[in-house]
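J.: Predicted model, plus sequence, below.
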Amino acid sequence: MTEHLQQSLVLIGPMGVGKTTIGRRLATALRCVFRDSDEAIETAAGRSVSDIFNDFGEAAFRDGERKIIARLLSEPPMVLALGGGAFMSAETRALIRQHATSIWLDADLDTLMKRVGRRDTRPLLQTDDPRAVMANLLAKRNPVYAEADIHIDAAGSSHEETVRTILAQLEPSHDR
Ligand code: S3P
């Protein structure tokens, strides 16, 4: 089913940018498997990301996240959406560089705050000022996300349009 994908496509970028929805649609278009690192961690741990943060702390979550991603990258090529913080691990970045094509889905703060919504369940945004937290994360993470192979502006366009933009960018390097 995935013989036309030479290596995994890894979607990175901030919370709320649409990695999961876009990834799922991209996988459908490419007729390949889709996985999401948060979902894989939840399945492995038997609890939600919020519960993992609450019960074991962020460091334990990051540890599990790194291991799950390493395992997923060792599997046959797929579209893989990562949690927003996963690419901050130098070890994960090195693995991705070696085994996958990375795609940074980028959006501005206003767009992201609209997309994460008011009743967001993400543990890092459970604060009095989620906008300030997001702004801070973007300032720290955008320079690292910028190491990705492909940069896509995902603000101001529908997820469907973003999928088309990604496919157009992949055209020359992927024999589909
Ligand atoms: C996080 C993003 C979340 C999830 C966790 C931490 C982050 O994933 O992994 O809440 O550090 O940005 P999404 O980017 O899919 O929301």
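T.: Perfect, thanks for sending it.

J.: so what pLDDT did His4 get?
T.: What the model reports as pLDDT for His4 is 76.

J.: Would you point out which residue is most central in this protein?
T.: By CA atoms, centre = their mean, the chain has its centre lying nearest to Leu82, at 3.0 Å.

J.: Can you name the residues that contact that one?
T.: Val10, Leu11, Ile12, Lys19, Ser37, Ile69, Thr92 (CB atoms under 8 Å, 6 or more residues apart in numbering). From N, CA and C alone the C-beta is placed, and that goes for glycine too.

J.: for this protein, which spans come out with low pLDDT?
T.: 1-3, 118-119, 172-176 (pLDDT under 70).

J.: Check which helices and strands the longest strand along it sits against.
T.: Longest strand of the chain, by residue count under DSSP state E: strand 100-106. Helices and strands touching strand 100-106, as assessed by 3 or more CB pairs under 8 Å, 6 or more residues apart in numbering; DSSP states H and E, comprise strand 8-12, helix 130-145, strand 150-153, helix 159-170.

J.: picking that back up, list only buried entries from the contacts of Leu82.
T.: Val10, Leu11, Ile12, Lys19, Ser37, Ile69, Thr92 (16 or more other CB atoms under 10 Å).

J.: Up against the ligand, what does the protein have?
T.: Met15, Lys19, Asp38, Val49, Gly83, Gly84, Gly85, Arg122, Pro123, Leu124 (CB under 6 Å from any ligand atom).

J.: neighbours of the nearest residue to the fourth one once chain neighbours are set aside, just the number please.
T.: Distances taken as CB to CB, 6 or more residues apart in numbering put Asp38 closest to Val49, at 5.4 Å, once the chain neighbours are dropped. Using other CB atoms under 10 Å, Asp38 is surrounded by 21 other residues.

J.: same thing with Arg141?
T.: 18.

J.: Wait, it touches Gly84, no?
T.: Yes. Applying CB atoms under 8 Å as the test, Arg141 and Gly84 come out as touching, 7.4 Å apart.

J.: List the residues that are in contact with both of the two.
T.: Pro14.

J.: ok, Ala44 to Ile52 distance?
T.: 10 Å (CB to CB, to the nearest Å).

J.: Let me know the outermost residue of this structure.
T.: Using CA atoms, centre = their mean, the residue of the chain lying farthest from its centre is Asp128. It sits 24.9 Å away.

J.: Specify the local secondary structure of that one.
T.: coil (DSSP: H, G, I helix; E, B strand; the rest coil).

J.: again, but for Arg35
T.: Counting by three-state DSSP, the backbone at Arg35 sits in strand.
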